[in-house]
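Student: The amino acid sequence is not available; the structure is as follows:
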């Protein structure tokens, strides 16, 4: 079945350092991958999603590359900002999922001055 | 931006109590979802629906009922609330035209079962 794994529950780093949040997945079919971000006391919202043509999605300085060979969709940013502190979810859907989206357990990112 | 409205924002009830959480979307989306969010467990799907009168079972349905009365309205019912159902509940909607469609979330309902 479909599943998403985020290995880090908490990532703490200093402002200005690069960010990488891990996401691996299992899917029977070619999946679509998403990153959602949830700031404190807010609803989750879409940060970026994979494209069908394998272009690399980017938004607010974040990007992610879908690597089918390693079943990964890691989230990256070259330089962390204090405002990036949030809960990040990796998610997956595919044509067999009946419009369900499978979420990982989430990674809490804390950026310190 | 798609609008999803949940009510109430906060609810406190006692064990054994009867609770209804409401969700309305005004985006003409076909799919609506109920998730619960708990630390260490992320977002877990309770029930979802692809149209009025339809109900699909999610991953953690025990103790919950749901009903989609119209395309806009999706309700989550806890008929005998238990402390284990203390959680933050999110409703979401999606156009559902394909598997690459994003979810639009409401702001959540914080439920406490004493």
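Tutor: Structure received. As the structure is a prediction and not an experimental result, all values here were calculated from the model. Residues are numbered from 1 along each chain as shown, chains lettered A, B, ... in the order given.
Student: Residue A:83: what secondary structure?
Tutor: Classification of residue A:83 by DSSP: H, G, I helix; E, B strand; the rest coil places it in helix.
Student: Once you drop chain neighbours, what's closest to it?
Tutor: residue A:111 (7.9 Å; CB to CB, 6 or more residues apart in numbering or on different chains). (Glycine included, C-beta is placed from N, CA and C.)
Student: Quick check, pLDDT for the one you found.
Tutor: At residue A:111, the pLDDT value in this model is 97.
Student: and it, what are its bridge partners?
Tutor: residue A:13 (DSSP bridges).
Student: Start and end of stretch A:29-47, how far apart?
Tutor: 23 Å (CA to CA, to the nearest Å).
Student: Could you do stretch A:36-51 as well?
Tutor: One end of stretch A:36-51 sits 15 Å from the other (CA to CA).
Student: same deal with stretch B:9-19?
Tutor: The first residue of stretch B:9-19 is 13 Å away from its last residue (CA to CA).
Student: Can you list the buried residues in it?
Tutor: Using 16 or more other CB atoms under 10 Å in any protein chain shown as the test for burial, stretch B:9-19 gives B:11, B:13, B:19.
Student: Residue numbers of chain B in contact with chain A?
Tutor: With CB under 8 Å from any CB of the partner chain as the criterion, chain B meets chain A at residues B:31, B:40-45, B:48, B:50, B:56, B:58, B:90, B:94, B:96, B:99-103, B:105-108.
Student: cutoff 6 Å now
Tutor: Within chain B, the positions near chain A by CB under 6 Å from any CB of the partner chain are B:31, B:42, B:43, B:96, B:99, B:100, B:102, B:105, B:107.
Student: Point out the least confident one among the residues you listed.
Tutor: residue B:99 (63).
Student: What distance do you get for residue A:62 to chain B?
Tutor: Separation of residue A:62 from chain B (CB to the nearest CB, to the nearest Å) stands at 15 Å.
Student: Equivalent analysis for residue A:48, please.
Tutor: Distance from residue A:48 to chain B, by CB to the nearest CB: 10 Å.
Student: Contacts made by stretch B:42-52 with the rest, please.
Tutor: Outside of stretch B:42-52, the residues within contact range by CB atoms under 6 Å, 6 or more residues apart in numbering or on different chains are A:103, A:105-106, B:30-37, B:55-56, B:58-61, B:64, B:66, B:68, B:70-71, B:74.
Student: Give me the buried entries from these.
Tutor: By neighbour count, with 16+ other CB under 10 Å, those hold A:103, A:105-106, B:30-37, B:55-56, B:58, B:60, B:64, B:66, B:68, B:71, B:74 as buried.
Student: contacting residues for residue A:102?
Tutor: Counting by CB under 6 Å, 6+ apart, residue A:102 touches A:2, A:4, A:92.
Student: er, residue A:9 I mean
Tutor: Applying CB under 6 Å, 6+ apart, no residues qualify as near residue A:9.
Student: rerun at 8 Å
Tutor: Residue A:9 makes contact with A:105, A:106, A:107, A:108, B:40 under the criterion CB atoms under 8 Å, 6 or more residues apart in numbering or on different chains.
Student: sorry, back to before: now, of the residues of chain B next to chain A, which are buried?
Tutor: Among the residues of chain B next to chain A, those buried by neighbour count (16+ other CB under 10 Å) are B:31, B:42, B:43, B:96, B:99, B:100, B:102, B:105.
Student: Just to check, the residue nearest to residue A:83 is in contact with residue A:86?
Tutor: No: using CB atoms under 8 Å, residue A:111 is not in contact with residue A:86; the gap is 9.2 Å.
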